[in-house]
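*Asks:* sequence first, then the predicted structure, then my questions.
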Amino acid sequence: MKHERFGYWLRVVSLPTLLVLLVAAGLGSHYETNDDFSITLLLRGRTAVAPVTNLHLYFHGWAWLLAQLYQLEPAVPWYGLLLTTLLLLALVLLMAVLEELLRPHTAPAARAAWLAAFLFLAGLEHVQWFSYVRVPLLLGGAALLWAAQFAGRLRLSWALGGLLFVAAWAIRPSAAVLGAALVAPAAWWLGGRGRWQALATVVGAAVLLGLGAQLFRSPEAARYRRLDVLKSNVLDYGFYRAAPRTAADSVGVGLVAQWAFGDSVWVNERFFARAYQPNPHYWSQTMPAKFQSLHGQLTRDYFPLLGLNLFLLLLSRGASAPARRRQGWYLAGFALLLLGLGLGLKLPPRLTGPLLTLGTIAHLTLLSPALPRPAPLAFRRFSYALLTLLAGFYAYKVVHRQAALRAEERRHVAQLRGLPTPADGRVLIGMGLEEWFKSLSPFREYVPDGGSPWLLLTGWPSLDPSQARLRQHLAGTYDQAEALRRLVQRPDVQWVNAPAADSSVLKTYWRRVQAPTDSTAAFQ
């Protein structure tokens, strides 16, 4: 019994822990986008008057905790440590689910090999290509699956699963709900008598939390959310295209294209309604481009998980008719979900990877009872050959990604080191700097604390309500145009225009707000 328990903990807990440690310390972990580093700057108070404790749309409650931790020990990478811990927890829960699914069909040693292979093929990317969006997606789905599977064996497993889902929801609500919805059919089939408790807990938590967020959202946060949706419809999804009616609209369109949302006089809800119209080429141009991107991503980056699902599909030929029907309906729904997200919205790797990870486990969940017990020798040999082949090709992919991410990290670190330090006593106003935040490590702090906070004119944080208070702190006014007019006169201000920023757009904006003619030099 002790030997079996030790083996269980070795497979379920030690394997994912080892993966996370090896990737973080060996291959390296890098931000997939600039979002995460931008969030840490807000939490640390480097792009705000003080550490931001409410991010409004994300990290409900977590933002307050992280801001307090950064004030306690600024040099510790709390953001990366917290999210990596939650990611590890999600992987442990998924390993526990897989352990139970594979137990009737495999010996302990074979089970360990399968779990290790799945972690390499599906779990490694989540640590190497770091994004906060991956965590709630995986944790939300893993919490429901685990709670459903252990509902009949562990008391209050449904309550613990519900708490873990709430923790995921608090990071990013839509991601946690999507993860839980994806595995809900498998949880229903898996849960037996306790499935009602697990599903009802998660559904109830999602509904109550969603209603609470709507009812208690401040007017400031509501406006932030509306503008976030409007800019996403234009910049992320391609639903609308620019159709400016006036010269002022053209300036606003240019600002939106540069992700410069800070001036509410130029970029507001009325502006979006007036200066944009539904994209007439969405079906003829945008949709085919999205399909081509989705197809390329799936075949290029996720061939191991597609291969595992194809393998399960082949195995189902010997399953019963009800099992094949369950499998067929689920795979059809899963494919439609991927197509709907990829063609209707967008499906970047931070969504695709977790969705395929959860979808593959859900697929196995629905098929597992119909598989042979134990697996025939021919099946075992074929499965090991398939895993070896997929692992070999994927290892090449991982090494190639590592080289690209490290090279980009080195470039961006060199650019960040050229920025003023707190010892310089200068106020930094930046444009396009958010491009330098990609591929950085979540376990390093690249910007020292102290000194004046940065005022970044571009990037999604320019929509954050904290930016108006920052302008008031730096220049004595909430209005961006007036704040810039005052700041440009100060000798302690340093303007940094990254190559990614279109200086012509910003100079046009500067002239339109009637700044002195010679001040356009700041935007060179």
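*Replies:* Yep, it's here. Numbering: from 1, shown residues only.
*Asks:* mind checking the end-to-end distance for stretch 252-268?
*Replies:* End-to-end distance for stretch 252-268: 9 Å, by C-alpha to C-alpha, to the nearest Å.
*Asks:* helix or strand for residue 496, just tell me which one.
*Replies:* strand 493-497 (DSSP states H and E).
*Asks:* got the angle between the helix or strand following that strand and strand 493-497?
*Replies:* Counting by DSSP H and E, the next helix or strand C-terminal to strand 493-497 is helix 503-512. Here the directions of helix 503-512 and strand 493-497 differ by 140 degrees (axes from the mean of the first three to the mean of the last three C-alpha atoms, to 10 degrees).
*Asks:* mind checking how far helix 503-512 is from the chain centre?
*Replies:* 33 Å (C-alpha atoms, centre = their mean, to the nearest Å).
*Asks:* what of stretch 332-339?
*Replies:* With C-alpha atoms, centre = their mean, you get 20 Å for stretch 332-339.
*Asks:* neighbouring contacts of that stretch?
*Replies:* Contacts with stretch 332-339, where a contact means C-beta atoms under 8 Å, 6 or more residues apart in numbering, come from 182, 185, 294, 298, 347, 352, 355, 359, 362, 363. C-beta here means a position set from N, CA and C on the backbone, and glycine is covered the same way.
*Asks:* alpha carbons of it, as CSV, please.
*Replies:* The C-alpha trace of stretch 332-339 is given here as CSV (Å, rounded to 0.1, in the frame of the first residue of the first chain):
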residue,chain,number,x,y,z
ALA,A,332,-17.8,17.6,-33.5
GLY,A,333,-18.6,20.1,-30.8
PHE,A,334,-14.9,20.6,-30.0
ALA,A,335,-14.1,21.2,-33.7
LEU,A,336,-16.9,23.7,-34.0
LEU,A,337,-15.7,25.5,-30.8
LEU,A,338,-12.1,25.8,-32.2
LEU,A,339,-13.5,27.0,-35.6
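*Asks:* which parts of it are buried?
*Replies:* Buried residues in stretch 332-339, counting neighbours by 16 or more other C-beta atoms under 10 Å, are found at 334, 337, 338.
*Asks:* could you pick out the longest helix of the chain?
*Replies:* Criterion DSSP state H: the longest helix present in the chain is helix 377-417.
*Asks:* by contact count, what packs against that helix?
*Replies:* For helix 377-417, the packing partners by 3 or more C-beta pairs under 8 Å, 6 or more residues apart in numbering; DSSP states H and E come out as strand 30-31, helix 108-118, helix 124-128, helix 303-315.
*Asks:* quick one, the last one and helix 377-417 angle?
*Replies:* Right, the one you point to is helix 303-315. 160 degrees.
*Asks:* any idea of the mean pLDDT for helix 303-315?
*Replies:* Mean pLDDT, helix 303-315: 89.
*Asks:* find the nearest non-adjacent residue to the residue positioned nearest the centre of the chain, please.
*Replies:* Central residue of the chain (C-alpha atoms, centre = their mean): residue 133, 2.1 Å from the mean position. Nearest residue to residue 133, sequence neighbours excluded (C-beta to C-beta, 6 or more residues apart in numbering): residue 350, at 4.5 Å.
*Asks:* if I look at that neighbour, how far off is residue 129?
*Replies:* 7 Å (C-beta to C-beta, to the nearest Å).
*Asks:* same thing with residue 436?
*Replies:* Distance from residue 436 to residue 129, by C-beta to C-beta: 18 Å.
*Asks:* same check on residue 16?
*Replies:* Distance from residue 16 to residue 129, by C-beta to C-beta: 17 Å.
*Asks:* tell me which of these two has more neighbours.
*Replies:* Set residue 16 next to residue 129 and count neighbours by other C-beta atoms under 10 Å: residue 16 wins out with 24 against 20.
*Asks:* helix/strand/coil for the more buried one?
*Replies:* Classification of residue 16 by DSSP: H, G, I helix; E, B strand; the rest coil places it in helix.
*Asks:* so it touches residue 122, yeah?
*Replies:* No. Shown here, residue 16 and residue 122 do not form a contact pair, counting by C-beta atoms under 8 Å, at 11.1 Å.
*Asks:* pull up the overlap in contacts between those two.
*Replies:* Contacts common to residue 16 and residue 122, judged by C-beta under 8 Å, 6+ apart, are absent.
*Asks:* on that earlier part again, which residues does the residue nearest to the centre of the chain contact?
*Replies:* When contacts are counted by C-beta under 8 Å, 6+ apart, residue 133 is found next to 35, 172, 175, 350, 351, 354.
*Asks:* scan the residues you listed and report the most crowded one.
*Replies:* residue 354 (30 neighbours).
*Asks:* how about residue 388, what does it touch?
*Replies:* Per C-beta under 8 Å, 6+ apart, neighbours of residue 388: none.
*Asks:* any idea how far it lies from residue 381?
*Replies:* Relative to residue 381, residue 388 is positioned 11 Å away (criterion: C-beta to C-beta).
*Asks:* ditto for residue 244
*Replies:* Per C-beta to C-beta, residue 244 is found 65 Å from residue 381.
*Asks:* neighbour-wise, which of the two wins?
*Replies:* A direct count of neighbours by other C-beta under 10 Å for residue 244 and residue 381 places residue 244 higher, at 16 against 10.
*Asks:* among the contacts of stretch 332-339, give me the pair with the biggest separation.
*Replies:* 185 and 294 (22.7 Å; C-beta to C-beta).
*Asks:* same for the strand or helix carrying residue 351, what does it pack against?
*Replies:* Assessed by DSSP H and E, residue 351 sits inside helix 349-367. Where contact means 3+ C-beta pairs under 8 Å, 6+ apart, helix 349-367 is packed against helix 78-102, helix 124-128, strand 129-130, helix 134-149, helix 173-191, helix 287-301, helix 303-315, helix 321-339.
*Asks:* redo that, cut-off 7 Å
*Replies:* On a contact count with 3 or more C-beta pairs under 7 Å, 6 or more residues apart in numbering; DSSP states H and E, helix 349-367 meets helix 78-102, helix 124-128, helix 134-149, helix 173-191, helix 303-315, helix 321-339.
*Asks:* now tabulate the ones you listed in a markdown table and tack on distance to residue 200.
*Replies:* What follows is the helices and strands packed on helix 349-367, written out as a markdown table (distance: least, C-beta to C-beta, whole Å):
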| stretch | distance to residue 200 |
| --- | --- |
| helix 78-102 | 19 |
| helix 124-128 | 29 |
| helix 134-149 | 11 |
| helix 173-191 | 11 |
| helix 303-315 | 29 |
| helix 321-339 | 21 |
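*Asks:* right, and these - which one's nearest residue 411?
*Replies:* Per C-beta to C-beta, nearest to residue 411 of those: helix 124-128, 18.3 Å.
*Asks:* hmm, who's touching that closest one?
*Replies:* If you take C-beta atoms under 7 Å, 6 or more residues apart in numbering as the criterion, helix 124-128 is touched by 19-20, 23-24, 27, 29-30, 87, 134, 138, 353-354, 398, 401.
*Asks:* nearest to residue 330 among these?
*Replies:* residue 354 (17.1 Å).
*Asks:* okay, now the residue lying closest to the closest one once chain neighbours are set aside: neighbour count?
*Replies:* Leaving aside its sequence neighbours, residue 354 sits nearest to residue 137 (C-beta to C-beta, 6+ apart; 4.0 Å). Residues within reach of residue 137, counting by other C-beta under 10 Å, total 30.
*Asks:* quick check: residue 137 vs residue 348, distance?
*Replies:* From residue 137 to residue 348 the distance is 12 Å (C-beta to C-beta).
*Asks:* what's the answer for residue 114, then?
*Replies:* For residue 114, the distance to residue 348 - C-beta to C-beta - is 28 Å.
*Asks:* these two: who's more crowded?
*Replies:* Set side by side, residue 114 and residue 348 show more neighbours around residue 114, with 20 against 16, by other C-beta under 10 Å.
*Asks:* for that one, give me its contacts.
*Replies:* Neighbouring residues of residue 114 by C-beta under 7 Å, 6+ apart: 102, 106.
*Asks:* recalculate using a threshold of 8 Å.
*Replies:* So residue 114 contacts 98, 102, 106, 383, 387 (C-beta under 8 Å, 6+ apart).
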